[in-house]
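In: predicted model follows, preceded by the sequence.
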Amino acid sequence: MKNVVAVILAGGKGSRLEPLTRDRAKPAVPFGGCWRIIDFTLSNCLNSGLRRLLVLTQYKSLSLDRHIDLAWRGYFQRELGEALEIVPPQQRVNEQWYQGTADAVWQNIYAIEQHRPRYVVILAGDHIYKMNIARLVESHVEKDADVTIAALPVAREAARQFGVMSIDADGRIVAFDEKPDDPAAMPGDPGNSLASMGIYVFTTTVLLETLCRDANLATSSHDFGREVIPSMIDSHRVVAWPFRDENRKQTPYWRDVGTLDAYYESNMDLVSVDPMLNLYDQEWPIRTHQINAPPPKFVFGSRDDGPRVGTALDSIVCAGTIISGARVRRSVIGPLVRIAEESSVDDSVVFGGASIGRNAIVRRAIIDKYVHVPDGLQIGLDEQADRARGFTVTPDGVTVIAKGDRIGPNSRGPAFSRRPAAKTQVDSKARRR
């Protein structure tokens with residue numbers, strides 16, 4: 001792995017995740033309470049022995065830059081030849097923003113060449129999965145491939161959103177079609193197609209030659225899936241590598257949480273009794289920045305307090321959170337959250353620093369960082385009312401409240417606040433008065 005450089009594409013707009021990506025890049029969106037989406041890709045690299053990483057950013061990258069600086073800088077030592085470099089658009093090649101995934105790598109080819117790698121691994125920074133990248137590189141070397149693509153079976157209906165490939169008996173790709181209307185079925189498995197995970201290993205010399213040729217094609221969209229990979233099928237040895245999951249589950253776990261509903265469902269799976277994604281695996285840990293905060297606290301536990309009992313059932317509750325005489329069920333609660341007395345939070349994802357006021361109800365919702373839900377407000381009970389307030393409601397009926405959202409004229413409370421929840425105090429004496 002000393003001969004390998006990983007290029008992590010983390011510059012996409014993530015428009016399908018708006019409003020969560022209104023102020024941040026998609027890889028910086030919180031996931032599972034205390035993680036960010038990019039932590040999974042970075043953890044895979046670190047656990048695989050990949051110690052030279054280039055993170056290519058572009059849109060709204062400040063939050064992502066700060067997180068990487070806090071959580072990841074300490075794992076890489078330059079004096080040992082290691083590197084974790086955040087590379088913003090530099091317009092070295094031209095004066096344009098990145099035109100596609102291949103163009104993003106081409107515009108930063110100087111940064112790659114500085115490391116003189118024999119192989120280049122190209123990864124997406126916005127997928128949730130566990131994978132030993134060293135096995136992928138080993139397969140690339142053993143099969144003497146020019147390009148190796150990580151692949152997994154997906155339902156044919158869902159395959160329309162992926163690059164779909166056909167392979168021969170040796171695993172060599174003989175056809176590649178990006179987001180086809182009629183995906184090709186796998187041999188002997190008519191219900192599934194073999195889909196690209198957007199993870200590639202290139203022999204460096206091949207990558208440079210191919211990107212140079214693609215950059216000079218005026219008709220190209222400069223994307224790996226649309227042009228670069230299909231153009232190499234006949235002229236190069238392009239091989240598929242079957243995804244091997246380090247999650248140690250019967251069904252391989254890989255998620256592109258590209259829509260709000262997909263993001264919500266992936267979080268909700270984490271609070272099940274036996275979630276598909278194991279976050280408690282000490283052999284393949286997912287690292288992140290752990291804030292300096294006390295353990296979560298649940299107060300008002302006496303029966304004499306009546307309904308004012310702080311409980312959390314089938315839920316993830318992160319450090320620094322206080323559940324004060326409230327009830328939480330089947331929810332993911334981030335760090336430093338405050339949930340006030342006689343409120344209920346069900347089937348929801350609450351980001352760090354948010355606060356829920358007294359007697360509030362939150363159901364099937366995503367609450368962004370530092371959002372304050374006023375006393376008595378009901379969220380997720382009436383889709384029309386939520387839309388009237390200006391909130392986003394997904395096709396599956398999940399209400400999303402982002403930073404900066406304000407309650408509409410028909411609301412039952414003051415405007416939302418950007419202030420951190422640490423400044424929001426619950427005054428039980430005032431309630432009794």
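Out: Perfect, I can see it now. Please read all numbers here as calculations on a predicted model, not as lab measurements.

In: need the helices for this structure, in chain order.
Out: 38-47, 62-71, 101-106, 109-115, 133-142, 204-215, 229-232, 260-269, 383-388, 428-432 (DSSP state H).

In: ranking these by mean pLDDT, which is last?
Out: For the helices of the chain, mean pLDDT drops lowest on helix 428-432, to a mean of 37.

In: one step back: including distance to G32, could the helices of the chain go into CSV?
Out: Yep, even glycine has a C-beta here, placed from its N, CA and C like the rest. CSV is the format used below for the helices of the chain (distance: least, CB to CB, whole Å):
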stretch, distance to G32
helix 38-47, 9
helix 62-71, 14
helix 101-106, 26
helix 109-115, 31
helix 133-142, 21
helix 204-215, 33
helix 229-232, 32
helix 260-269, 7
helix 383-388, 24
helix 428-432, 31
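
In: how about those in TSV, adding mean neighbour count and distance to Q77?
Out: Formatted as TSV, the helices of the chain follow (neighbours: other CB atoms under 10 Å; distance: least, CB to CB, whole Å):
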stretch	mean neighbour count	distance to Q77
helix 38-47	24	13
helix 62-71	18	16
helix 101-106	24	25
helix 109-115	16	15
helix 133-142	18	19
helix 204-215	17	24
helix 229-232	20	35
helix 260-269	19	33
helix 383-388	15	49
helix 428-432	10	50
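
In: among those, which is nearest R22?
Out: Evaluated with CB to CB, these place helix 62-71 nearest to R22, the distance being 11.2 Å.

In: for the residue nearest to S344 when sequence neighbours are not counted, list each beta-bridge partner.
Out: With sequence-adjacent residues excluded and distances taken as CB to CB, 6 or more residues apart in numbering, S344 is closest to R327, at 4.8 Å. Beta-bridge partners recorded for R327 (DSSP bridges): T311, S344.

In: so what's R327 up against?
Out: If you count contacts by CB atoms under 8 Å, 6 or more residues apart in numbering, R327 has them with 309-313, 343-345.

In: nearest to A184, out of the helices of the chain?
Out: So among the helices of the chain, helix 229-232 is nearest, using CB to CB, at 13.4 Å.

In: and the closest one, what does it pack against?
Out: When contacts are defined as 3 or more CB pairs under 8 Å, 6 or more residues apart in numbering; DSSP states H and E, helix 229-232 packs onto strand 147-155, strand 173-178, helix 204-215.

In: and I291, which of those is closest to it?
Out: strand 147-155 (32.9 Å).

In: contacts for that closest one?
Out: 131, 136, 139-140, 162, 165, 173, 186, 189, 191-197, 199-203, 206, 229, 232, 236-243, 252, 254.

In: coming back round to it: tell me the pLDDT at the residue nearest to S344?
Out: 95.

In: repeat for R364
Out: 98.

In: same check on the one 4 residues further on?
Out: According to the per-residue confidence, D368 scores 96 in pLDDT.

In: for it, give me its contacts.
Out: Each residue near D368 by CB under 8 Å, 6+ apart is listed here: 19-20, 351, 354, 400-403, 405.

In: what's the local residue count around the spatially closest residue to V371 that is not a sequence neighbour?
Out: Computed as CB to CB, 6+ apart, the closest residue to V371 that is not its neighbour in sequence is A354, at 4.9 Å. Residues within reach of A354, counting by other CB atoms under 10 Å, total 27.

In: in strands only, show me the contacts of strand 147-155.
Out: Using DSSP state E, the members of the contacts of strand 147-155 that fall in strands are 165, 173, 192-197, 199-203, 238-242, 254.

In: about what we covered before: what is the most widely separated pair among the contacts of D368?
Out: Spanning the widest gap among these are P19 and A354, at 14.4 Å by CB to CB.

In: and the end-to-end length of stretch 320-336?
Out: One end of stretch 320-336 sits 4 Å from the other (CA to CA, to the nearest Å).

In: likewise stretch 122-141?
Out: Start-to-end, stretch 122-141 (CA to CA) is 16 Å.

In: swap in stretch 132-148?
Out: End-to-end distance of stretch 132-148: 14 Å, with CA to CA as the criterion.

In: what about that stretch, distance to the chain center?
Out: 25 Å (CA atoms, centre = their mean, to the nearest Å).

In: quick one: K26 from Y263, how far?
Out: Counting by CB to CB, to the nearest Å, the separation of K26 from Y263 is 10 Å.

In: any shared contact partners between the two?
Out: Residues touching both K26 and Y263 (CB under 8 Å, 6+ apart): L17.

In: residue ranges with poor pLDDT in the chain?
Out: Low-confidence segments of the chain, defined by pLDDT under 70: 92-94, 302-307, 406-433.

In: make it 80
Out: Applying pLDDT under 80 to the chain flags the ranges 12, 91-96, 248, 250, 301-308, 404-433.

In: tell me who's in contact with the closest residue to Q290 other than its chain neighbours.
Out: Excluding its sequence neighbours, the residue lying closest to Q290 (CB to CB, 6+ apart) is C34, at 7.0 Å. Applying CB under 8 Å, 6+ apart to C34 gives the contacts 288, 290-291, 318-319, 334-335, 352.

In: redo that, cut-off 7 Å
Out: Contacts for C34 (CB atoms under 7 Å, 6 or more residues apart in numbering) come out as 288, 290, 318, 334-335.

In: widest-spaced pair of those?
Out: Across these (CB to CB), the longest gap, 12.5 Å, separates Q290 and G334.

In: higher neighbour count, those two?
Out: Between Q290 and G334, counting by other CB under 10 Å, G334 is the more crowded of the two (28 against 12).

In: not counting sequence-adjacent ones, nearest residue to the more buried one?
Out: Closest residue to G334 apart from its sequence neighbours, by CB to CB, 6+ apart: G352 at 3.5 Å.

In: pretty sure the one you found is touching P335, no?
Out: Yes. If you go by CB atoms under 7 Å, G352 and P335 touch, sitting 4.4 Å apart.

In: what is in contact with these two at once?
Out: In contact with both G352 and P335: C318, using CB under 7 Å, 6+ apart.

In: please identify which of the helices of the chain is closest to E79.
Out: Among the helices of the chain, helix 109-115 comes nearest to E79, with 15.2 Å by CB to CB.

In: can you give the distance of the closest one from its chain's centre?
Out: Worked out by CA atoms, centre = their mean, helix 109-115 lies 26 Å from the chain centre.

In: give the other helices and strands that it contacts.
Out: Applying 3 or more CB pairs under 7 Å, 6 or more residues apart in numbering; DSSP states H and E, one finds that helix 109-115 makes contact with strand 4-9, strand 52-56.
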